[in-house]
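>>> generate coordinates for the sequence data below:
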Amino acid sequence: MSDDRAAKAAAVRRRLKDDFSFYCRKALKIRTKDGDILPFELNKAQRHLLGVIERQMEQRGYVRVVILKGRQQGLSTLVTARLYHQTTHRKGAKSLVMAHKADSSAALFTMTRRYHDHCPDALKPSTKYSSKRELVFDVLDSAFTVATAGGDAVARGETFTSVHASEQAFWPKSSARDIWNGIAQSVPKSRGTEVYIESTANGVSGLFYEMWKKAVAGENEYEAVFIPWFWEDGYSVDPPADFRLLPEEVEIRDRHGLTPGNLYWRRLKIGETSLEQFQQEYPLEPTEAFLTSGLPAFDSGQLARMLDECPGELELDRRGWFNGEWETNPRGPLIVHEEPRAGEQYVIGADVSKGIRGADWSVAQVLDRDHRLVATYRAHVLPDHFAQVLDSLGHLYNTAELLVEANDHGVLTNFVLSRDFQYPNLYTATRHDKTDDQETTTVGFVTNARTRPLILDQLRSDVRSGKLSIRDRQTINEMLTFVANTSGKLVAEEGSHDDCVMALAIANYGLSQVWTPIRVPESVYLTAI
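Purely as a prediction, here's the structure:
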């Protein structure tokens, strides 16, 4: 071979190593939706994701991405290709694909085997052996492994350079966090490592939802990448001549720039299932994708808009309680949305827990007369200690009226507030016994079969009407997972909490019982003289 030809060949090999989109076109084959085996040409969604990957690699030297997607957009195809490229071009590379079920694991490995089988001999590394879920390259000392979440014991004790967590939202709920913790610890934060969490949505709870939320809020090192369904060219059908857009479709068209073909395809898909199922599997925006598994108690669209208006984590005024004083603390359990105002009346609703980490939370919500949430306290504290916190918080907010749940552990909290602290503005209820014509007064708010639906329905009404102003992200996220179960009772979705919701409902009820002073202008008195 002449020097010129050798130089050109070396340049091509360097480009195949460094230019991933070029490598896909020249070295990889995929099976299309029509069943044809063709060179891998990247579509719009894949090009967008690759741009994110290459920017991260350039800026910090490694990749961490969480991807929310619609169905069949080719993103698993791209990520799997990326892992195969890394495994066959680096010494000592170990790649892992973790799928949600066995047939998906098999499909992803079949895709990888297709890459390998059709790869040009000049680029194909020496293969030591291959099995139904593993390719091992002896000269490179690298390996590509596919496993099933909950079905294969991998990751612990291993070190991986690239990981693809496929359809993480559908991993077994009972073990998803443990599996992910093992995988996450197995990838060092070193140059050249790549981790991809990729899934369609599956409700507003669980590991994937939490990883996505934290990525959006900047609370982990992952970058949130969303791919809308209409980027896929195949998601369009020529509409009939008499096709007319509905008002909802006109709004969607104007907001997202959809074509009549996109909208007709959307209408046909919704006709096959339902609007809710379509939005989960083919979202236009992230807030559409995450649906509850039960019937939502609050309007998810309204809550999504409220979330958009919430301050970010770094903007929060957090405080901790030390020796009776509230001091600034970035990890403090009290979030102050607004300082107390002189002359303002406040109401505090409190939900009491047993104070054990990993269980429910003790929460206090502070509302002003204008139905604005001005402070939220949320922590794992013992019931008697929670009484001290509430006493201090109540005095901070102008001796606010305290409505503390008097069920279970709340009995002790109310007892300490009334006896030890003698809090002057503690909610009490009077009950008339018709048998002996006697009245008894109880301290605290009792949540029972009569009062619970009352306060929750009032909360739902005031949220729907826009009467309540809520800027606390944790509270809104709990509202998103607050559903009607199969028996019709309003509860937190499995694996979620409702402590912020219940405390807010109690505070909102207390506010409805507060008399608003009538302000008489001075001119009235002057006129009367």
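
>>> and H85, helix, strand or coil?
With DSSP: H, G, I helix; E, B strand; the rest coil as the basis, the three-state label of H85 is helix.

>>> residue ranges with poor pLDDT in the protein?
For the chain, the stretches with pLDDT under 70 are 1-3, 6, 9, 152-157, 291-294, 432-438, 514-529.

>>> contact partners for the closest residue to L42 other than its chain neighbours?
Nearest in space to L42, with sequence neighbours left out and distances taken as C-beta to C-beta, 6 or more residues apart in numbering, is S21 at 5.6 Å. In short, each C-beta sits where N, CA and C put it, glycine included. The contact partners of S21, by C-beta atoms under 8 Å, 6 or more residues apart in numbering, come to L42, R47, L50.

>>> tell me how far stretch 352-365 is from the chain's mean position?
Offset of stretch 352-365 from its chain centre (C-alpha atoms, centre = their mean, to the nearest Å): 21 Å.

>>> same question, stretch 23-42
The chain centroid and the centroid of stretch 23-42 are separated by 34 Å, computed with C-alpha atoms, centre = their mean.

>>> thinking again about what came up before, what's the closest of the contacts of S21 to D138?
L50 (29.7 Å; C-beta to C-beta).

>>> is it true that that closest one touches F20?
Yes - because the distance of 6.5 Å satisfies C-beta atoms under 8 Å, L50 is recorded as touching F20.

>>> list the contacts of stretch 243-256.
Among residues not part of stretch 243-256, those counted as contacts by C-beta under 8 Å, 6+ apart are P228, F230, L258, P260, L263, Y264, R266, R267, L284.

>>> on the three-state scheme, the fifth one is what?
Following three-state DSSP, we place L263 in the helix state.

>>> quick revisit: dump the contacts of S21 into CSV; add neighbour count as well.
Compiled in CSV, the contacts of S21 are given as follows (neighbours: other C-beta atoms under 10 Å):
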residue, neighbour count
L42, 18
R47, 13
L50, 18
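
>>> show me which of those is closest to G349.
For the contacts of S21, the residue nearest G349 by C-beta to C-beta is L50; the value is 49.3 Å.

>>> ok, now which ones touch the closest one?
With contacts defined as C-beta under 8 Å, 6+ apart, the neighbours of L50 are F20, S21, L42, L78.

>>> what do you get if the cut-off is 10 Å, keeping everything else the same?
For L50, the contacting residues are F20, S21, C24, L42, L78, V79, A81, R82, taking C-beta atoms under 10 Å, 6 or more residues apart in numbering as the criterion.

>>> now intersect the contacts of stretch 243-256 with the helices, please.
Counted as lying in helices by DSSP state H, out of the contacts of stretch 243-256, are P260, L263, Y264, R266, R267.

>>> which of those are buried?
If you count burial by 16 or more other C-beta atoms under 10 Å, the buried members of the ones in helices among the contacts of stretch 243-256 come out as P260, L263, Y264, R266, R267.

>>> so how far is E41 from the first one?
Read it as P260. Distance check for P260 against E41: by C-beta to C-beta, to the nearest Å, it reads 26 Å.

>>> look up the closest residue to R90, ignoring the ones flanking it.
According to C-beta to C-beta, 6+ apart, the nearest residue to R90 is S142 (6.5 Å).

>>> for the one you found, give the beta-bridge partners.
Here S142 sits in beta bridges with F137, going by DSSP bridges.

>>> any idea how far D36 is from A147?
29 Å.

>>> of those two, who's got more company?
For D36 against A147, the residue with the higher neighbour count under other C-beta atoms under 10 Å is A147, and the figures read 21 against 9.

>>> where's the more buried one, which helix or strand?
Taking DSSP states H and E as the definition, A147 sits inside strand 142-148.

>>> go on, Q56?
Using DSSP H and E, Q56 maps to helix 44-60.

>>> what are the boundaries of the helices in the stretch 151-300 of the chain?
Taking DSSP state H, counting those that start in this stretch as the criterion, the stretch 151-300 of the chain contains helices spanning 176-186, 207-217, 247-256, 260-272, 275-281, 286-289, 300-308.

>>> please disregard the earlier target; I meant the stretch 1-150 of the chain.
According to DSSP H, counting those that start in this stretch, the helices that the stretch 1-150 of the chain contains are 3-18, 20-27, 44-60, 75-89, 102-118.

>>> pick the most deeply packed of those helices.
Of all the helices of the stretch 1-150 of the chain, helix 75-89 carries the top mean neighbour count, a mean of 23, counting by mean count of other C-beta atoms under 10 Å.

>>> pull up the distance across stretch 197-208, start to finish.
Distances were taken as C-alpha to C-alpha, to the nearest Å; on that basis the terminal residues of stretch 197-208 are 8 Å apart.

>>> buried ones in it?
Of the residues in stretch 197-208, those scored as buried under the neighbour-count criterion (16+ other C-beta under 10 Å) are I197, E198, S199, T200, A201, N202, G203, V204, S205, G206, L207, F208.

>>> can you list the ones in helices among the contacts of stretch 243-256 in JSON lines and add distance to L396?
Conversion of the ones in helices among the contacts of stretch 243-256 to JSON lines gives the following (distance: C-beta to C-beta, whole Å):
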{"residue": "P260", "distance to L396": "58"}
{"residue": "L263", "distance to L396": "53"}
{"residue": "Y264", "distance to L396": "58"}
{"residue": "R266", "distance to L396": "51"}
{"residue": "R267", "distance to L396": "54"}
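
>>> what is the orientation angle of the helix holding Q56 with helix 75-89?
Here the directions of helix 44-60 and helix 75-89 differ by 50 degrees (axes from the mean of the first three to the mean of the last three C-alpha atoms, to 10 degrees).

>>> now helix 44-60 against helix 20-27, angle please.
Using the same axes, to 10 degrees, helix 44-60 lies at 130 degrees relative to helix 20-27.

>>> I'd like the distance from helix 44-60 to the chain centre, please.
In terms of C-alpha atoms, centre = their mean, the centre of helix 44-60 is found 22 Å from the chain centre.

>>> likewise for stretch 407-414?
Using C-alpha atoms, centre = their mean, the offset of stretch 407-414 from its chain centre is 32 Å.

>>> hmm, who's touching it?
Under the contact criterion C-beta under 10 Å, 6+ apart, stretch 407-414 has outside partners 350-355, 360, 362, 381-390, 402, 404-406, 423, 426-428, 442-448, 452.

>>> wait, doesn't D360 sit right on A503?
No - the pair D360 and A503 does not pass the contact test of C-beta atoms under 10 Å, sitting 11.1 Å apart.

>>> give me the common contacts of those two.
Both D360 and A503 are in contact with D351, V352, where contact means C-beta under 10 Å, 6+ apart.

>>> T376 pairs with what?
I335, Q365.

>>> could you pull out the strands for the stretch 301-450 of the chain?
Assignment of strands within the stretch 301-450 of the chain using DSSP state E, counting those that start in this stretch yields the ranges 318-322, 325-328, 334-336, 346-351, 362-368, 373-379, 401-404, 428-433, 438-443.

>>> can you put the ones you listed in a markdown table and add mean neighbour count and distance to S186?
Rendered in a markdown table, the data for those read as follows (neighbours: other C-beta atoms under 10 Å; distance: least, C-beta to C-beta, whole Å):
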| stretch | mean neighbour count | distance to S186 |
| --- | --- | --- |
| strand 318-322 | 16 | 33 |
| strand 325-328 | 12 | 38 |
| strand 334-336 | 21 | 35 |
| strand 346-351 | 28 | 39 |
| strand 362-368 | 27 | 36 |
| strand 373-379 | 23 | 32 |
| strand 401-404 | 27 | 46 |
| strand 428-433 | 10 | 56 |
| strand 438-443 | 11 | 53 |
